[in-house]
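>>> here you go, sequence then predicted model.
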Amino acid sequence: MRETRSMSPTPLRRATLPADLGTILEPGEAEEPILTPAVRRAMIDWMAEIEARDALAQAGLKPRLSALLEGPPGCGKTTLAHHIAARRGIPMLAVGAENLLGMYLGESEGKVAKLFGALEQSRSEVLLFLDEIDAIGGKRSNATDPGGSVSARNSMLTVLLRRVEQCRTIMIAATNRPDTLDEALWRRFGLQITVDLPGDDERYAILKRYAAPFRFDEDLLDALTDLTEGAAPSLLRQLMEGLKRDMILGRTPAGIDAADAVAAVTSAIRPHPDYEPPRLWTAGLPDGFPWPPSRETSREPGR
Ligand SMILES: Nc1ncnc2c1ncn2[C@@H]1O[C@H](COP(=O)(O)OP(=O)(O)OP(=O)(O)O)[C@@H](O)[C@H]1O
Ligand SMILES: [Mg+2]
């Protein structure tokens with residue numbers, strides 16, 4: 001699959017999928033996430049299982065068609081879902097809570113039914129991605145309910161449970177609040193995969209990917225890998241894009257130290273206060289690393 005950096009959505013264009021259901025992301029727009037070996041293995045095994053539909057059927061088995069991705073924000077859940085769709089050569093329909101939650105009694109159930117009904121009727125294969133599923137699939141409540149909102153939520157969940165169970169489309173849901181998810185909904189997914197913070201090897205590969213087309217000194221990349229322990233890939237991307245932006249815009253002229261260039265970026269982007277900041281944000285980069293990095297003449301594959 002050709003890798004591109006763009007994730008720009010395109011409007012729904014299949015006549016059978018009404019435009020208010022979500023956003024279609026085309027396979028050619030996907031990028032491959034850098035995953036821990038365990039998550040990569042789980043993804044490859046799942047893809048192989050879906051491909052082996054006929055062989056499984058001979059033994060009375062069916063491939064699992066749904067997976068729940070859980071993990072902290074910015075670790076690649078959406079990117080992975082889109083990549084899986086792209087590996088199958090199909091578009092992904094990304095559906096958020098805003099596409100399913102309605103203001104009026106019964107409206108949300110209607111939207112869920114419309115979504116799954118449209119997918120059943122769609123002539124072309126599409127991967128359904130239910131983002132932030134906790135917003136619609138939170139635990140059922142027995143609370144007394146004078147305004148009716150709790151029972152409305154419960155009945156929407158009942159519809160969702162049934163539709164998820166019956167769904168014959170490849171479906172991936174994502175959440176970064178797995179503890180709030182309804183147990184019955186959780187169980188409806190054939191696989192539950194944790195897309196967690198990257199380890200040392202993955203951080204190095206992510207920093208290197210987003211360094212391109214600049215060739216960062218290996219010792220500098222090693223130091224950044226070490227000092228960004230605990231950072232999500234999205235933050236690593238912001239860090240490297242910030243450094244590149246500053247170089248291109250001449251904000252970090254030759255002669256300044258790498259530590260100053262990094263400090264200029266980390267002073268303006270930081271992890272959410274709920275997360276312990278990586279040491280790069282608290283201790284900074286030590287002095288002495290060469291700066292600026294050279295620019296590659298021909299672009300290397302990004303990993
Ligand atoms: N594992 C990864 N490898 C490379 N880049 C990544 C990875 N994870 C995230 N990114 C980059 O970070 C950005 C955000 O990633 P993504 O939206 O997939 O995260 P998410 O887990 O879905 O976050 P959220 O929980 O906030 O929805 C993307 O632009 C993507 O390029
Ligand atoms: Mg996401």
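Structure received. Residues are numbered from 1 along each chain as shown. Ligands and ions are numbered 1, 2, ... in the order given.

>>> who's in contact with residue 111?
99-102 (C-beta atoms under 8 Å, 6 or more residues apart in numbering). For glycine as for every other residue, the C-beta is placed from the backbone atoms N, C-alpha and C.

>>> need those in TSV with neighbour count, can you?
Formatted as TSV, those follow (neighbours: other C-beta atoms under 10 Å):
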residue	neighbour count
99	19
100	23
101	15
102	14
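
>>> flag whichever of the residues you listed scores worst on pLDDT.
Least confident by pLDDT among the contacts of residue 111: that is residue 102, with 81.

>>> so of the contacts of residue 111, which ones are in helices?
Residues of the contacts of residue 111 located in helices (DSSP state H): 99-100.

>>> can you name the residue of the stretch 51-200 of the chain nearest to ligand 2?
Among the residues of the stretch 51-200 of the chain, residue 78 lies closest to ligand 2, at 3.3 Å counting by C-beta to the ion.

>>> go ahead and confirm that residue touches residue 130.
No. Counting by C-beta atoms under 8 Å, residue 78 stays clear of residue 130, with 11.1 Å between them.

>>> packing partners for the helix or strand hosting residue 193?
Using DSSP states H and E, residue 193 maps to strand 191-194. Counting contacts by 3 or more C-beta pairs under 8 Å, 6 or more residues apart in numbering; DSSP states H and E, strand 191-194 packs against helix 37-51, strand 66-70.

>>> near ligand 1 at all, the longest one?
In other words, helix 37-51. No. On the criterion C-beta under 6 Å from any ligand atom, helix 37-51 is out of touch with ligand 1, staying 8.6 Å away.

>>> what of the shortest one?
No. No part of strand 66-70 sits near ligand 1 under the criterion C-beta under 6 Å from any ligand atom; the closest distance found is 7.6 Å.

>>> helices and strands around that strand, which ones?
Helices and strands touching strand 66-70, by 3+ C-beta pairs under 8 Å, 6+ apart, are helix 77-88, strand 171-175, strand 191-194.
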